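1. Sequence and predicted structure, then a few things I'm wondering about:
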Amino acid sequence: MPTSRKDLSNLKQPSVSTLQNLDALMEEYTSKLEQRLMAQTQQLKTITDNAASCLFMIDAQGKATYMNPSAEHVTGYTLDEMKSRPLSQMIHGRHAIDGSTSQVCDTIRPLELQKKAKDQEDVFVRKNGQSFPVSFSVVPLQQEGQQSGAVLEFQDISERKELERQKDEFIGVASHELKTPVTSMKTYTQVLKRKFAKNGDTVAVESLEKIDAQINKLTNLIADLLDVTRVQTGNLTLRQEEFDLDDLVREVVDNIQLTTEVHQIKIDGLAHMTIYADRDRTGQVLINFLSNAIKYSPHSDTILVMVSGDDQQSTVSVQDFGIGIPKDKLDQVFERFMRVSGPKMETFPGLGLGLYISAQIIRRQGGQIWVESEPDQGSTFYFSLPKQAIQSESINPLTIEREVAHE
Amino acid sequence: MSKRILISDDDPAIVDSIRMLLEMEGYIVEVTVDGMTMATAQTFKPDLIFLDIWMSGQDGREIARELKSQPATRHIPIVMVSANRDAEALAKKAGADGFIAKPFEADDLLQIAQDSFKT
């Protein structure tokens, strides 16, 4: 140990014991760091080992580099088995069936687009060939500006789907059962109306017409209920037929005008178009817009329907001058069960399903649906349809299951 | 001569109300509620049949196919009735000549009956 500060030459060469002490210290620190790292790693591993969600880490080629025990349990594969081929070829429903690597693989697309996918529904296939519905999320990863892979998280939602199916089946049966007494009620009412009309009893005829109108309201509510379950189970069939849009608008407006003595419905503009879409269902959307316009503007006397078109698409809008929709509810308007309440928190009749169904009908035909509104001034609902309506089918896991079963 | 119409539906009230409507308009009406459509069609010899697509356990489409395959009944126009308006395509595939969704307007039912006699 140098005893004098002037004696610097000794500093260049630490003594062996100093080096040994430093060495020991470093070993100690390294060991402590290793322990801490191991503890953290162990903690993370405990989390992923026990997570109920299934987790995969995939590389830039779409092959699995990590899977947690839940993923092994649910898919029936081990990581070793999964490492060799892209994930999509092994567990992804469509691709496991036909062996294709596809650009349309929803688990890979986020990787390509470098976008997250959240809570998407799809079908995966277990090692034993059994397909099952899943809800999954994908987060793409980057390293030094390059795609380096992704984290995939998914859950087996078979149970949830089965419950949904049972509920939807029930609603389907219930709607059918409800329509039965309504059918005979309506026919009896119309028989009576004819008899009383022959006898000149106008009061009776008027009463019966009002009963008939209420029966129609009931019918529409039941139909809405049925439509909603069809939409949910992917059973909403949309036809493609040629029809004149202006014709349909005029027909619907004439019919709806009969239901309100308070409002004047005016048509402005013409589309001059024949479009290829489902005439009934498109008409249903317009009826929905008009009934809402009437319902939510009880103190106004005008409803404006505007129609326009070019060779690519047609647009129809319905404007009312009623209570309007609060700004914070505008983006929820096309979701299920949304009912707007009035200024005194009163609720308006209806199930809150009409706009949800209308949105499905329009979007499934490749169109767009939107709304502009000012509270206390009124709302304008729009839909546009391409000249040739495309039908987009949502994946129905049950259909895929049947396909798989036939392999 | 008055036209004869056979109505087949498993709900007695539906069958009764349609019968009342049609008899008011001067038709001769026969009804079945238990799917005895084939047998009744052969004895009653209707000019038109209103057939429900689903009758507690019986598939109306099967009955329609049977009616269309038998020489004694294949000429009789069949209008299928369903609570599900999307069933029209299914009805046509089974051989039905027409389709009406329930609940229906009385005027529409009468019109479709009249139209079926023209063909």
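-> Sure thing, it's come through. Residues are numbered from 1 along each chain as shown, chains lettered A, B, ... in the order given.

2. Check the gap between B:Phe104 and A:Ile357 for me.
-> 21 Å (Cβ to Cβ, to the nearest Å). Any C-beta I mention is one placed from the backbone N, CA and C, and that applies to glycine too.

3. ok, and what's touching the helix or strand hosting A:Arg363?
-> Using DSSP states H and E, A:Arg363 sits within helix A:354-364. Outside helix A:354-364, the residues within contact range by Cβ atoms under 8 Å, 6 or more residues apart in numbering or on different chains are A:224, A:227-228, A:231, A:236, A:238, A:278, A:281-282, A:284-285, A:288-289, A:291-292, A:333-338, A:368-369, A:381, A:383-385, A:391-392.

4. Kindly report the same for stretch A:292-303.
-> Counting contacts by Cβ under 8 Å, 6+ apart, the residues outside stretch A:292-303 that touch it are A:256, A:259-260, A:262-266, A:290, A:318-324, A:340, A:348-350, A:354-355, A:378-379, A:381.

5. Check the separation of the first and last residues in it.
-> The straight-line separation of the ends of stretch A:292-303 (Cα to Cα, to the nearest Å) is 11 Å.

6. Next: stretch B:67-77.
-> End to end - Cα to Cα - stretch B:67-77 spans 10 Å.

7. what's around the closest residue to B:Phe117 other than its chain neighbours, how many residues?
-> Distances taken as Cβ to Cβ, 6 or more residues apart in numbering or on different chains place B:Lys3 nearest to B:Phe117, at 6.0 Å, with adjacent residues excluded. B:Lys3 has 17 neighbours, counted by other Cβ atoms under 10 Å in any protein chain shown.

8. Contact partners for B:Lys3?
-> Contacts of B:Lys3 by Cβ under 8 Å, 6+ apart are B:Tyr27, B:Ile28, B:Asp47, B:Leu48, B:Ala113, B:Phe117.

9. so where's the stretch 251-400 of chain A uncertain?
-> Along the stretch 251-400 of chain A, the parts satisfying pLDDT under 70 run over A:340-351, A:389-400.

10. Just want the residue of it that's nearest chain B.
-> Closest to chain B within the stretch 251-400 of chain A is A:Asp280: 7.4 Å, counting by Cβ to the nearest Cβ.

11. now swap in the stretch 1-150 of chain A and tell me
-> Counting by Cβ to the nearest Cβ, the stretch 1-150 of chain A gets nearest chain B through A:Glu121, at 23.8 Å.

12. pLDDT averaged over the helix or strand in which that residue is found, what's the number?
-> Assigned by DSSP H and E, A:Glu121 falls within strand A:117-125. If you average the pLDDT over strand A:117-125, you get 82.

13. who does the closest residue in space to A:Ala71 that isn't next to it in sequence bridge with?
-> Of all residues not flanking A:Ala71 in the chain, A:Cys54 sits nearest, at 3.8 Å (Cβ to Cβ, 6+ apart). A:Cys54 forms beta bridges with A:Phe154, as assigned by DSSP bridges.

14. tell me which parts of the stretch 101-250 of chain A are close to chain B?
-> Proximity of the stretch 101-250 of chain A to chain B is confined to A:175-176, A:179-184, A:186-188, A:190-191, A:194-195, A:215, A:219, A:226, A:237 under the rule Cβ under 8 Å from any Cβ of the partner chain.

15. rerun that using 6 Å as the cut-off
-> A:176, A:179-180, A:182-184, A:186-188, A:190-191, A:219, A:237 (Cβ under 6 Å from any Cβ of the partner chain).

16. Buried by neighbour count, from those residues: which ones?
-> Taking 16 or more other Cβ atoms under 10 Å in any protein chain shown as the criterion, what is buried in these is A:His176, A:Lys179, A:Thr180, A:Val182, A:Thr183, A:Ser184, A:Lys186, A:Thr187, A:Tyr188, A:Gln190, A:Val191, A:Thr219.

17. Tabulate those residues (a markdown table), appending pLDDT and secondary structure.
-> As requested, these are exported to a markdown table (pLDDT from 0 to 100; DSSP: H, G, I helix; E, B strand; the rest coil):
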| residue | pLDDT | secondary structure |
| --- | --- | --- |
| A:His176 | 80 | helix |
| A:Lys179 | 92 | helix |
| A:Thr180 | 94 | helix |
| A:Val182 | 96 | helix |
| A:Thr183 | 96 | helix |
| A:Ser184 | 97 | helix |
| A:Lys186 | 97 | helix |
| A:Thr187 | 97 | helix |
| A:Tyr188 | 97 | helix |
| A:Gln190 | 96 | helix |
| A:Val191 | 97 | helix |
| A:Thr219 | 90 | helix |
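
18. if we can go back for a sec, next secondary structure element downstream of the helix holding A:Arg363?
-> Sequence-wise, the next helix or strand downstream of helix A:354-364 (DSSP H and E) is strand A:368-374.

19. in what helix or strand does A:Leu304 lie?
-> strand A:302-309.

20. One more: A:Leu37?
-> If you go by DSSP H and E, A:Leu37 is part of helix A:16-50.

21. Could you give the average pLDDT over that helix?
-> Helix A:16-50 comes out at a mean pLDDT of 91.

22. ok, now stretch A:70-89?
-> In the prediction, stretch A:70-89 has an average pLDDT of 89.

23. can you give me the strands for chain B?
-> Applying DSSP state E to chain B gives strands spanning B:4-8, B:28-32, B:48-52, B:54-55, B:58-59, B:78-82, B:98-101.

24. A:Ser207: which of those is closest?
-> strand B:98-101 (26.0 Å; Cβ to Cβ).

25. Restricting to C-alpha, output that closest one in PDB.
-> Output in PDB follows, covering the C-alpha atoms of strand B:98-101 (Å, rounded to 0.1, in the frame of the first residue of the first chain):
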ATOM      1  CA  GLY B  98     -96.400 -18.300 -54.200                       C
ATOM      2  CA  PHE B  99     -95.400 -17.100 -50.800                       C
ATOM      3  CA  ILE B 100     -96.900 -14.800 -48.100                       C
ATOM      4  CA  ALA B 101     -95.400 -13.800 -44.800                       C
END
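
26. From the contact counts, what lies against that strand?
-> strand B:78-82 (3 or more Cβ pairs under 6 Å, 6 or more residues apart in numbering or on different chains; DSSP states H and E).

27. was I right about the residue nearest to A:Ala71 contacting A:Val74?
-> Yes. Taking contacts as Cβ atoms under 6 Å, A:Cys54 lies within contact range of A:Val74: 5.1 Å.

28. between the two, which one's more packed in?
-> A:Cys54 (23 against 20).

29. number of nearby residues for A:Arg363?
-> Neighbours of A:Arg363 (other Cβ under 10 Å): 14.

30. try A:Gln120
-> Residues lying near A:Gln120 (other Cβ under 10 Å) number 16.

31. first to last residue in stretch B:78-87, what's the distance?
-> End-to-end for stretch B:78-87, by Cα to Cα: 15 Å.

32. Now residue 66. Nearest residue, chain neighbours left out?
-> Because you didn't say which chain, this covers chain A. A:Tyr66's closest residue in space is A:Met57 (Cβ to Cβ, 6+ apart), at 3.9 Å.

33. Chain B is the one I meant
-> In space, B:Glu66 is closest to B:Met38, 5.7 Å off (Cβ to Cβ, 6+ apart).

34. what's the spacing between the one you found and B:Met80?
-> 15 Å.

35. Tell me which of the two has more neighbours.
-> When B:Met38 and B:Met80 are compared for neighbours, B:Met80 comes out ahead with 27 against 15, by other Cβ under 10 Å.
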